[in-house]
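Colleague: Please work out how this folds:
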Amino acid sequence: MRGQTRPRLLITVISSIAALAMALSLTITASAQGTIAHSNASSQHHTLNCESNAQFCTEVYDSEDVFGDDVYVGHDEPSTLFYSNIPGSGNHMQYELTLPSDPPPTPIAGRTYNFELHPAFWFGMAMCDTQSFPEQVSTCAPDSDSNIVDPAKSAVKAGQAFMEMQFYPPGWSAWPAGVSCNATQWCAALNIDSLSENSVTGQVLNDTCASETGLEYVNFAFITKNGKPQPNSPPNPVNSTLATFTPDANADLFMNSGDKINVGLKDTPHGLRIDLNDLTTYQHGSMTASAANGFGQVQFAPNPSTACNNIPYDFHPMYSTSSEQTRVTWAAHSYNIAFSDEIGHFDFCDNVDTNTGACVGNEGVPGDQEPADGDDFGCFAASQTTLVPVSGCIATNTGFDGVPYQLGAWPDGNTYLHPTPIQFTSPTTGPGNHFNYNRMAFEADLPRIEATTGQCNRQTGAGCSLFPTTDDGTPAPFYPFYSITLAHGACAWELGANMPHSFNFGGNAQYGSLLNLAYTGTGGASVMRINDFRQVLPFNPCPDFNSGGH
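Modeller: Next comes the predicted model:
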């Protein structure tokens, strides 16, 4: 962190926010007076601190610069990006999603489950936030390509946030109290991530407020059946409580594995609205990122201020269209309209201290076990799971040796051993959502993650690999990739291994070559960083004609 002392984390627990992580080690911050809230005090302040819970936050392009060298470790995000010059394609679209199913709930050799592969997956979009990075302009025109500014040419750009419409798999209990969304059901939440940093001066949010909200903070709200946040559950990070992050079966939309979901995203006069229509059960849920629903900005107030104020705010999409230029320039990824999985967050542990959430035994998959090391925290015992009795850790797997990096772990058509794949159509936009995005790209932020272990030089690209090096010094056995197939009468994307009746664009090679992007550095000068592999296709190989797309 530039010129400031990093805010201290006040308490780390496995939160009862099982919908977020299914036994996530969540940093719960207390009030500025230092009061530590108990997990059953649902009205006291709690927030999702991205310094220790990066798996649920947008990946920062230079986390060492913001958070310091020893705090923030991000997460692995293989992604698909969608491009269109149709007005509205940056703020109005729909997808058809089929939620994956798990194999039988009896752990046997070679069997894997969704919670072991990904704590969440999501649909994304760039958003306006005038109190977020780069803190250079006090206004942001919603839904406008006037916000496109190349950091290589200017540091003067409207403030930016990134929206992730996240879906959470079933299967986990939570400690010390509470339950997951459900042992067999999915739930979902609207997340908007912001970064409280002035990119030119290097100033960040004051220490007092950052200890409550974090420097990268999150507006969070479950998708509910009535479109309103739960009682005593304000989404904004200044006022959020434990109840904000605790799923409620009476209020929230729960979905079954295998359900087909229509995912609609559109701007409204009072902010982005998400609609989830379960086409299997005919249930509906929604959420609007509005001030009326409790969404808000954290006022940017650097040291020596101690202010920590919520500014009620309607969050609107930032751009009209979607292209390589419609970026969030503090994020490691280059995307605007995108789908991404979040992988690399599960490894087995044979002995967990349930009081601390630490692995005190051996980590690793069968045949590759070794004493626990620095990436084994956020752990849970077999008694704390609800789908299958298995113990493990959900922190970022910087050793690249957990379940998501194993050959034979991902969907491959064998539903007795492995989950079915996430299936989703390309987005459609325009009037009636009848127009396809005409180009797309594959992107993986492996260089950003590999840099935290020292194997990748983000200035030169030396050591950056599509198969990251494990802590044993060998390449990871596997990395998931996207395929297209015919599902429900439409072309659909899948993520996993080789699937029957699919085309995979060269497997892991689909992510292409190293991408050198410009970012804004201290003083306003641009800096170049290699954070991603990316391959842009000049066409969309999987248009959605099932919904009338052109």
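Colleague: make it CA atoms for all contacts and neighbour counts henceforth
Modeller: Will do.
Colleague: Now do the contacts for the closest residue to residue 464 other than its chain neighbours.
Modeller: In space, and not counting its chain neighbours, residue 464 is closest to residue 456: 4.5 Å by Cα to Cα, 6 or more residues apart in numbering. For residue 456, the contact set (Cα atoms under 8 Å, 6 or more residues apart in numbering) comprises 447, 450, 462, 463, 464, 465.
Colleague: ok, residue 456 to residue 324 distance?
Modeller: Per Cα to Cα, to the nearest Å, residue 456 is found 24 Å from residue 324.
Colleague: Ok, residue 373 next?
Modeller: 39 Å.
Colleague: Equivalent analysis for residue 381, please.
Modeller: In terms of Cα to Cα, residue 381 sits 44 Å off from residue 324.
Colleague: Same drill for the two, tell me which one is more crowded.
Modeller: Shown here are residue 381 and residue 324; by other Cα atoms under 10 Å, residue 381 has more neighbours (23 against 14).
Colleague: ok, how many other residues are close to the residue nearest to residue 104 when sequence neighbours are not counted?
Modeller: Nearest residue to residue 104, sequence neighbours excluded (Cα to Cα, 6+ apart): residue 416, at 6.8 Å. For residue 416, the count of nearby residues is 13 (other Cα under 10 Å).
Colleague: Show me how far stretch 423-435 is from its chain's centre.
Modeller: 22 Å (Cα atoms, centre = their mean, to the nearest Å).
Colleague: from here on, count from 38
Modeller: All set: I'll call the first residue 38, so the last point we hit is now stretch 460-472.
Colleague: ok, residues contacting it?
Modeller: Contacts for stretch 460-472 (Cα under 8 Å, 6+ apart): 119, 123-126, 129-137, 473-474, 527-532, 579-581, 584-587.
Colleague: measure it end to end?
Modeller: Using Cα to Cα, the two ends of stretch 460-472 sit 20 Å apart.
Colleague: With stretch 497-508 instead?
Modeller: 22 Å.
Colleague: For this structure, give me the ranges with low pLDDT.
Modeller: Within the chain, the segments meeting pLDDT under 70 span 38-79, 85-93, 95, 98-111, 209-217, 583-587.
Colleague: can you map out the helices along it?
Modeller: 55-58, 100-104, 151-154, 244-250, 483-488 (DSSP state H).
Colleague: Just give me how far stretch 497-510 sits from the chain centre.
Modeller: On Cα atoms, centre = their mean, the centre of stretch 497-510 falls 23 Å from the chain's centre.
Colleague: and what of stretch 170-177?
Modeller: Counting by Cα atoms, centre = their mean, stretch 170-177 comes out at 24 Å from the chain centroid.
Colleague: Any buried residues in it, and which?
Modeller: Residues 170, 171, 172, 173, 177 are the ones in stretch 170-177 that count as buried (16 or more other Cα atoms under 10 Å).
Colleague: Residue 474 contacts residue 118, correct?
Modeller: No: the pair residue 474 / residue 118 is not scored as a contact, 9.9 Å apart, by Cα atoms under 8 Å.
Colleague: burial measure for residue 469, as a count.
Modeller: For residue 469, the count of nearby residues is 12 (other Cα under 10 Å).
Colleague: Over to residue 575?
Modeller: Neighbours of residue 575 under the rule other Cα under 10 Å: 11.
Colleague: Excluding covalently adjacent residues, which one is nearest to it?
Modeller: residue 476 (5.5 Å).
Colleague: How about the contacts made by that neighbour?
Modeller: Contact partners of residue 476, counting by Cα under 8 Å, 6+ apart, are 119, 120, 121, 573, 574, 575, 576, 577.
Colleague: Go again with 6 Å.
Modeller: 120, 575, 576, 577 (Cα atoms under 6 Å, 6 or more residues apart in numbering).
Colleague: and what of residue 458?
Modeller: 137, 448, 531 are the contacts of residue 458 under Cα under 6 Å, 6+ apart.
Colleague: For residue 555, list each beta-bridge partner.
Modeller: residue 565 (DSSP bridges).
Colleague: Distance-wise, check it relative to residue 133.
Modeller: Counting by Cα to Cα, the gap from residue 555 to residue 133 is 34 Å.
Colleague: the more surrounded of these two?
Modeller: Using other Cα under 10 Å as the criterion, residue 555 and residue 133 rank with residue 133 on top: 26 against 17.
Colleague: pretty sure the more buried one is in contact with residue 296, am I right?
Modeller: No: contact criterion Cα atoms under 6 Å: residue 133 and residue 296 do not qualify, at 10.5 Å.
Colleague: Since that was my last question, I'll sign off now.
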